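K.L.:
Show me the folded form of this:
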Amino acid sequence: MPQEGEWAEFLDRLIHDLREPLRSVHAFSELLRETTAEKLGPEGDLEVGEILSAATRMRALADSLSGYALALREADAPAAQQASLQLAFELAADALNRQIPASGASVTAQGLPRVGLSLERATQLLENLIGNSLKFRGEDPPIVRVTAAPDGEGWNIAVEDNGIGIDAEELERVFLPFERVHGREYPGPGLGLAVCRRIVEAHGGWIRMSPRAGGGSVCRFWLPAA
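P.N.:
Numbering: from 1, shown residues only. Just a heads-up that it's a prediction; the model follows:
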């Protein structure tokens, strides 16, 4: 059976070969929209818009697959590194600097520890988890809190939100690749939590999802201390 690294190499080659035609589809669709503006009528403009939308979704899928390939590679041979989770949080929040104000969200963390994980992977982990909390929000503005508590030789970290939550029977399924337990009305290929699991487990940790009292969800994960 192929090792994680072999799957990562396969995905790298697949993504590389997909990106060029995807760029062409997107670029020529943009050009078509500009050159045919108001000439195709409302129905024609709508169809060109659908092509652009599909190309954008495919590019997002390629980016997600690239992140998954990185997580697979690290699962095969995790690097012995350490990083400040507080710095990773700040980098993740900066990467989400459009979504956070657009949703009116409050995203906070304080005094997060150093953990046995590279800064790049720690940032990817928190960006995926916080991004999920912003995406699956309820009617109220999102409130996302990241906290940490010592637990044995490591840290128990929680990402808590007041969003729409997850049904009890779906708590394990959300970590499977391409699973969309909330349906296709929410954008994304369904790889974010699968990537998070790969990252955490590759470094000797665990990750789980649970309902939050009062609504929303809590994603908890354990990582060794730096």
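K.L.:
Just the element for Arg220, please.
P.N.:
Arg220 belongs to strand 217-224 when assigned by DSSP states H and E.
K.L.:
Partner strands of that strand and their direction?
P.N.:
strand 154-160 (antiparallel), strand 206-211 (antiparallel) (DSSP bridges).
K.L.:
can you give me the mean pLDDT across the helix or strand where Asp63 lies?
P.N.:
Using DSSP H and E, Asp63 sits within helix 41-76. Here helix 41-76 scores 75 as its mean pLDDT.
K.L.:
What of stretch 174-183?
P.N.:
73.
K.L.:
Same check on stretch 21-30?
P.N.:
What stretch 21-30 shows for mean pLDDT is 82.
K.L.:
List the buried residues of it.
P.N.:
Residues of stretch 21-30 classed as buried by neighbour count (16 or more other Cβ atoms under 10 Å): Leu22, Val25, His26, Ser29. In short, each C-beta sits where N, CA and C put it, glycine included.
K.L.:
Let's see which of the residues you listed end up in helices.
P.N.:
Judged by DSSP state H, the subset of these located in helices is Leu22, Val25, His26, Ser29.
K.L.:
What is the neighbour count of the closest residue to the third one other than its chain neighbours?
P.N.:
The shortest distance from His26 to any residue that is not its chain neighbour, by Cβ to Cβ, 6 or more residues apart in numbering, is 4.2 Å, and that residue is Ala55. Counted by other Cβ atoms under 10 Å, the residues lying close to Ala55 total 20.
K.L.:
And for the one 4 residues further on?
P.N.:
A count of nearby residues for Arg59, using other Cβ under 10 Å, gives 16.
K.L.:
Break the protein down into its structural domains.
P.N.:
With domains defined by automatic domain parsing, the chain comprises 4-76, 83-224.
K.L.:
Return the most buried member of the ones you listed.
P.N.:
Mean neighbours per residue, mean count of other Cβ atoms under 10 Å, is largest over these for domain 83-224, with a mean of 18.
K.L.:
in the sheet, who's paired with the spatially closest residue to Thr147 that is not a sequence neighbour?
P.N.:
Spatially, and ignoring its direct neighbours in sequence, Thr147 is nearest to Ala158 (5.2 Å; Cβ to Cβ, 6+ apart). Beta-bridge partners for Ala158, by DSSP bridges, are Thr147, Arg220.
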